[in-house]
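Chemist: 3D model of this:
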Amino acid sequence: MKTVLLCGGFGTRIRDVADDIPKPLIKVGQMPILWHLMGYYASFGYTDFVLCLGYKSETVVDFFRQQNGKIEKLQSQSELASVYSFTGVINSVNCNVTMADTGLEAMTGSRLRKVKSLLGESTFMLSYGDGLSDVDINKLVEHHRSGKKLLTVTGVRPPSRFGELQVDDANNVVGFNEKPQASGGRISGGFFVCEPGVFDYLDPREDLVFEKEPIQSIVHDKQMDMYAHDEFWQCMDTYRDWELLNQMFKTGKAPWVR
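Modeler: Modelled structure (predicted):
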């Protein structure tokens, strides 16, 4: 099963960390967050990746060119400015990576539609190249297959950006948690599993946002399921997120490391 990772956005909200590379190349520890994410999938045996590139796509290709492995430029396909393949070791596992330049201005739905020819007619996984989790990928896939829907999303409880106070009846503070998991509703954490029928919902528009009309239509047709995940999930949207992920990795408390 192939895994599609969306890596083409500008990442404007984290420019105070790096503004000359795509967000998925920003480092957690000594390696890009993208490398950590791919290593996590690979630890479950999912080693075939398709990267949807856009902003500064050449820097992603250059990164893989510097790794131990084989990289080659493939014949360009319709709507893809360039396609490269990389074969090498990620997280001690042999992996195959296809890097497709899906355009500078394309939105998530457009990027996904453009790599359809690279995926065949099989079930595939989809996520964002700037978030990490300890979701059990095998259980996620099992849940998707049992649900028999076109699309399964991992529903997470987002970490609160504010300290959580625990008080007694007299308003005495009896507990404080700096960055707890929110106890309210769930949000999409990415880590999707998709059937090829998802492409029927992707119109040929550069401004097509996967999370808007396509998903809304899939929901309307009752073809979307959720896999609930209550443990670790963290996106890297801000400088504080970046600091948190690096601190977790530095102290050996990184749940995504297997």
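
Chemist: quick one: average pLDDT of stretch 58-67?
Modeler: On average, the pLDDT along stretch 58-67 is 96.

Chemist: need the contact partners of it.
Modeler: 7, 20-22, 24-25, 32, 34, 51, 53, 71, 82, 84, 86, 88, 97, 99 (Cβ atoms under 8 Å, 6 or more residues apart in numbering). From N, CA and C alone the C-beta is placed, and that goes for glycine too.

Chemist: ok, residue 257 touching residue 249?
Modeler: Yes - Residue 257 lies in contact with residue 249 (Cβ atoms under 8 Å); the separation is 7.5 Å.

Chemist: which one of the two has more residues nearby?
Modeler: Taking neighbours as other Cβ atoms under 10 Å, residue 257 and residue 249 compare with residue 249 leading, 19 against 16.

Chemist: not counting sequence-adjacent ones, nearest residue to that one?
Modeler: residue 29 (4.5 Å; Cβ to Cβ, 6 or more residues apart in numbering).

Chemist: my read: the one you found touches residue 250, true?
Modeler: Yes - counting by Cβ under 8 Å, residue 250 is a contact partner of residue 29 at 7.0 Å.

Chemist: residue 19: what's it in contact with?
Modeler: Here residue 19 is in contact with no residue (Cβ under 8 Å, 6+ apart).

Chemist: now do the helices in the chain.
Modeler: Taking DSSP state H, the helices of the chain run over residues 33-43, 57-65, 108-114, 137-147, 213-220, 239-250.

Chemist: ok, which of the ones you listed comes nearest residue 206?
Modeler: Shortest separation from residue 206 across those is recorded for helix 108-114, at 5.1 Å, computed as Cβ to Cβ.

Chemist: for that closest one, name the packing helices and strands.
Modeler: strand 2-7, strand 48-53 (3 or more Cβ pairs under 8 Å, 6 or more residues apart in numbering; DSSP states H and E).

Chemist: among those, which is nearest residue 197?
Modeler: strand 2-7 (15.2 Å).

Chemist: only alpha carbons, please: show the closest one as PDB.
Modeler: What follows is strand 2-7 as a C-alpha-only set of coordinates in PDB (Å, rounded to 0.1, in the frame of the first residue of the first chain):
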ATOM      1  CA  LYS A   2       1.400   3.400  -1.000                       C
ATOM      2  CA  THR A   3       1.500   6.400   1.300                       C
ATOM      3  CA  VAL A   4       0.900   9.900  -0.200                       C
ATOM      4  CA  LEU A   5       2.400  12.800   1.800                       C
ATOM      5  CA  LEU A   6       1.400  16.400   1.100                       C
ATOM      6  CA  CYS A   7       4.600  18.400   1.100                       C
END
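
Chemist: does residue 57 really touch residue 99, like I thought?
Modeler: Yes - at 7.4 Å, residue 57 counts as touching residue 99 under the criterion of Cβ under 8 Å.

Chemist: hang on, the earlier thing: how about the helices of the chain in a markdown table, adding distance to residue 230?
Modeler: Shown next, in a markdown table, are these (distance: least, Cβ to Cβ, whole Å):
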| stretch | distance to residue 230 |
| --- | --- |
| helix 33-43 | 18 |
| helix 57-65 | 32 |
| helix 108-114 | 26 |
| helix 137-147 | 12 |
| helix 213-220 | 22 |
| helix 239-250 | 18 |
